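Asks: using only what follows, build the 3D model:
(2 chains)
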Amino acid sequence: MKISRSALVVAAVALVFFAVVPLISLHVPWILPGTLDVVNSTGTLEVLALCFIFAGVALGYDVIFGFTGLLSLGPVMYFAIGVYVFDIAMSHWNWALVPALALTLGVSLVFALAFGALALRVKGIAFTMVTLAFAQAFYYLVEDNPHGLTGGDTGLALVSNRLPSFLSGAVSNTRNLYWMTLGFLVVSYFVVWLVTESSSGHVLVAVRENERRLEVMGVRTFPYKLGAYTLSSLVATGGGVAYILLIGTAVPAAVASTTVSLAVLVMVVLGGAGTRWGAVTGALVYVYLQQYLLKVASEPSFTTLPAVLRVPLSQPQFLLGTLFVLFVIFVPGGIAGIVARLRGQSVAASKRFNWRKSLRVKEDDQ
Amino acid sequence: MNIFLALTFSGFALGGVYFLAASGLSLIYGLMDILNFAHGLFMTLGAYAAWDVAAHLPASWGASTLFGIALVSSVLGGAIAAGLTEFFIIRHLYARPVSQILVTIGLDLAVVGLLLGGFGSNSLAVPVPLWIMEATKVGSINLPNADFVALLAGVVVLVVLEWFLARTRYGIIIRAGVENRTMVSALGINVGKAFTLVFVIGGAMAGLAGLLYSVVFAGDLISPTQGDSLLIFAFIVVVIGGLGSIRGSAIAALIVGLTQDYTNFYLGGHPGLAEIGNLSVVLLLAVVLEWRPRGLLGRAL
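Replies: The predicted structure follows:
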């Protein structure tokens, strides 16, 4: 594992900066997504926390999509498992934090192994469709409110007296919740970094580049693909738990619908699929812009705009969708690709796959 | 028994709509290897085109005439949307298959967002003639007229499509392209034209499916996100039927429609099973994948 010193410095500076944000009560006009123009106001901290959650989820998704090259549209299912299993265990069954968390991750693991094994029976486009169908089935299940467990469309609030006091109550403890989500992102990053830099991680990239060739070399790719699918699912579940702790209520349209999967995909592609910091940056930019645009659209002066401008500008989905289309067509490498080009590396060189390295990996495995 | 027959009939009608939605998707995939996420958008746009045209024409023309015009508008709306998508976007990305999928996803998000902004998230009502809401007595069973329309549309499109693919020059080029695209271009045939054509045909069927779904199953209501939920069933039909096969899509559409209808009626009344119709379809997909990953009539994957 080789880490460049400059990357380490940038990461450390960013981490320290985001860690001290809740302590900065600076007044900054215009650019903040919260209603108050103060850096550590509740609104802004909440948006940043949401950014961190989706940055973690996007990182996990990057393992299956960016590194392994499998276009899954199922991450929302595992995100929703995180939200709902944790919420149900705490609110309905009154479990303590740690057992509830263990149950949530356990359920996610079982689902990921079972559905992953089934979905990976088909390749390419069919895999995409199947993951989408499973996720949609889960959405129907949640919306259906079986035995009053999920609350259906009305939602399920996280109400528990067994929640540690420093995490309960989104308004009074925004600062703690903010640090919690930042912690989630750091842990996700570390895990994803370990896996993608390991020898197994190189096999994943080899699957993306040429799976047939790996199979010809005698490598069984299925366990690697299932592993990548499971890892990305578990990270998404972690994000779901962080989400319900932060937001405090679960609504199917917000946490279980296909739109969430698509949003995560958009984040990863915007940032640069197959790079870790690209996925993180993409998610930060996407969620921040989305929330910021919503805030701008709700300002009173906004309604005075003519309809031709007001209608498109009031829809973050339209603006972000258009941005995404433009990126896919004109900036295939995403934000990471732009940065690489600015630094003088050719994108092709940075993405070129080292077969000799992967052969050595295979020898190590045996 | 009567209930069972009535259910079977409405299952067939649902299958007709699914076939319209899925066959274009299957054809586009078969020829171009594109998973077209914008297909749901074409369905929605077809329905909105129908609504927009019907709402702006004088009511004195008669409800049936207006409905006929609405049907034509939905077909045109879907076809135009699909043609423009192919011409302005997809065409420029032929060397990058993943980008093609991504771009259709982005397009779907963006335009659905625009519709949400322009028309609001509330449903709009498409004007339909009275006879659509009535039923015809066949033997001892009352069958809704709307179901006849959906079934008829499905059958007519299947027959025309089969004829087109088997008998016309462009149909033969498309079939050859599905088999081996490289060989077709090597023979000096302009496959690009066939791509545009397939997109236009698929979009036309999708637009019709969007309107018919609203009329037959959603109480004449259209909404910006209707296409996205219909699209998921279309995907399931395509995978079960086998990617690239029109007949496979037709058979799978019927199976899916019937499964959904039967389970909804016989099991949906039990507590906690209100969504069983949708869930059973996904279960069906899982079973088919386990048993035959390439789908009913698909090529080997």
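Asks: following the chain past the least confident helix or strand in chain B by mean pLDDT, name the next helix or strand.
Replies: In chain B, no helix or strand scores lower on mean pLDDT, DSSP states H and E than helix B:130-133, which sits at a mean of 80. Once helix B:130-133 ends, the next helix or strand along the chain (criterion: DSSP states H and E) is strand B:135-138.
Asks: please put the alpha-carbon coordinates of that next one into CSV.
Replies: What follows is strand B:135-138 as a C-alpha-only set of coordinates in CSV (Å, rounded to 0.1, in the frame of the first residue of the first chain):
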residue,chain,number,x,y,z
ALA,B,135,-68.7,-2.9,-18.9
THR,B,136,-69.8,-5.4,-21.5
LYS,B,137,-71.7,-8.6,-20.6
VAL,B,138,-70.0,-11.6,-22.2
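Asks: can you give me the buried ones in the least confident helix or strand of chain B?
Replies: The neighbour-count check on helix B:130-133 (16 or more other C-beta atoms under 10 Å in any protein chain shown) flags B:Ile132 as buried. Bear in mind the C-beta positions are built from the backbone N, C-alpha and C, glycine included.
Asks: what helices or strands is it leaning on?
Replies: If contacts are counted by 3 or more C-beta pairs under 8 Å, 6 or more residues apart in numbering or on different chains; DSSP states H and E, helix B:130-133 sits against helix B:63-88, helix B:145-167.
Asks: go again with 10 Å.
Replies: Applying 3 or more C-beta pairs under 10 Å, 6 or more residues apart in numbering or on different chains; DSSP states H and E, one finds that helix B:130-133 contacts helix B:63-88, helix B:145-167, helix B:191-217.
Asks: ok, then the element right after the second one?
Replies: Pointing back at helix B:145-167 there. Heading C-terminal from helix B:145-167 (DSSP H and E), you reach helix B:169-179.
Asks: what does the longest one give?
Replies: Next along the chain after helix B:191-217, taking DSSP H and E as the criterion, comes strand B:221-222.
Asks: what's in contact with that next one?
Replies: B:43-44, B:46-48, B:50-51, B:74, B:115, B:119, B:122-126, B:210-211, B:213-215 (C-beta atoms under 10 Å, 6 or more residues apart in numbering or on different chains).
Asks: could you flag which of those residues are buried?
Replies: B:43-44, B:46-48, B:50-51, B:74, B:115, B:119, B:123-124, B:126, B:210-211, B:213-215.
Asks: for the stretch 201-301 of chain B, which residues are neighbours of chain A?
Replies: Contact residues, the stretch 201-301 of chain B versus chain A (C-beta under 10 Å from any C-beta of the partner chain): B:225, B:228-229, B:231-236, B:238-239, B:242-243, B:271-286, B:289-290, B:293-295, B:298, B:301.
Asks: kindly apply the preceding question to the stretch 1-150 of chain B instead.
Replies: Contact residues, the stretch 1-150 of chain B versus chain A (C-beta under 10 Å from any C-beta): B:25, B:29, B:33-35, B:37, B:89, B:92-93, B:96-119.
Asks: can you tell me which of those are buried?
Replies: Taking 16+ other C-beta under 10 Å as the criterion, what is buried in the residues of the stretch 1-150 of chain B next to chain A is B:25, B:29, B:33-35, B:37, B:89, B:93, B:98-117, B:119.
Asks: buried members of the residues of the stretch 201-301 of chain B next to chain A into PyMOL, please.
Replies: Here is the PyMOL selection string for the buried members of those, based on 16+ other C-beta under 10 Å:
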select buried, chain B and resi 225+228+229+231+232+233+234+235+236+238+239+242+243+273+274+275+276+277+278+279+280+281+282+284+285+286+289+293+294+295+298
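Asks: which ones among the residues of the stretch 201-301 of chain B next to chain A are found in helices?
Replies: Of those, the ones assigned to helices by DSSP state H are B:228-229, B:231-236, B:238-239, B:276-286, B:289-290.
Asks: residues in the stretch 201-350 of chain A within reach of chain B, list them.
Replies: A:253, A:257-259, A:261-263, A:265-266, A:269, A:273, A:297, A:307, A:310-329, A:332.
Asks: got a PyMOL select line for the buried ones in these?
Replies: Only the buried entries of these go into this PyMOL selection, using 16+ other C-beta under 10 Å:
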select buried, chain A and resi 257+258+259+261+262+263+265+266+269+273+297+311+312+313+314+315+316+317+318+319+320+321+322+323+324+325+327+328+329+332
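Asks: inside strands: which ones of the residues of the stretch 201-350 of chain A next to chain B?
Replies: Residues of those located in strands (DSSP state E): none.
Asks: B:Ile90 - nearest residue in space that isn't next to it in sequence?
Replies: Residue nearest to B:Ile90 in three dimensions, not counting chain neighbours: B:Gln100, with 5.9 Å by C-beta to C-beta, 6 or more residues apart in numbering or on different chains.
Asks: what's the helix or strand for the one you found?
Replies: B:Gln100 belongs to helix B:97-119, assigned by DSSP H and E.
Asks: so which elements touch that helix?
Replies: Using 3+ C-beta pairs under 10 Å, 6+ apart: helix B:97-119 touches helix A:124-144, helix A:258-271, helix A:307-313, helix A:316-330, helix B:2-32, helix B:39-56, helix B:63-88, helix B:226-241.
Asks: now these in TSV, with distance to B:Glu179 and mean pLDDT?
Replies: Formatted as TSV, these follow (distance: least, C-beta to C-beta, whole Å; pLDDT from 0 to 100):
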stretch	distance to B:Glu179	mean pLDDT
helix A:124-144	18	88
helix A:258-271	31	93
helix A:307-313	43	79
helix A:316-330	29	91
helix B:2-32	9	90
helix B:39-56	22	92
helix B:63-88	21	93
helix B:226-241	17	90
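Asks: in TSV: the ones you listed, plus distance to A:Gly278.
Replies: Output for the helices and strands packed on helix B:97-119, formatted as TSV (distance: least, C-beta to C-beta, whole Å):
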stretch	distance to A:Gly278
helix A:124-144	21
helix A:258-271	4
helix A:307-313	27
helix A:316-330	12
helix B:2-32	29
helix B:39-56	28
helix B:63-88	28
helix B:226-241	27
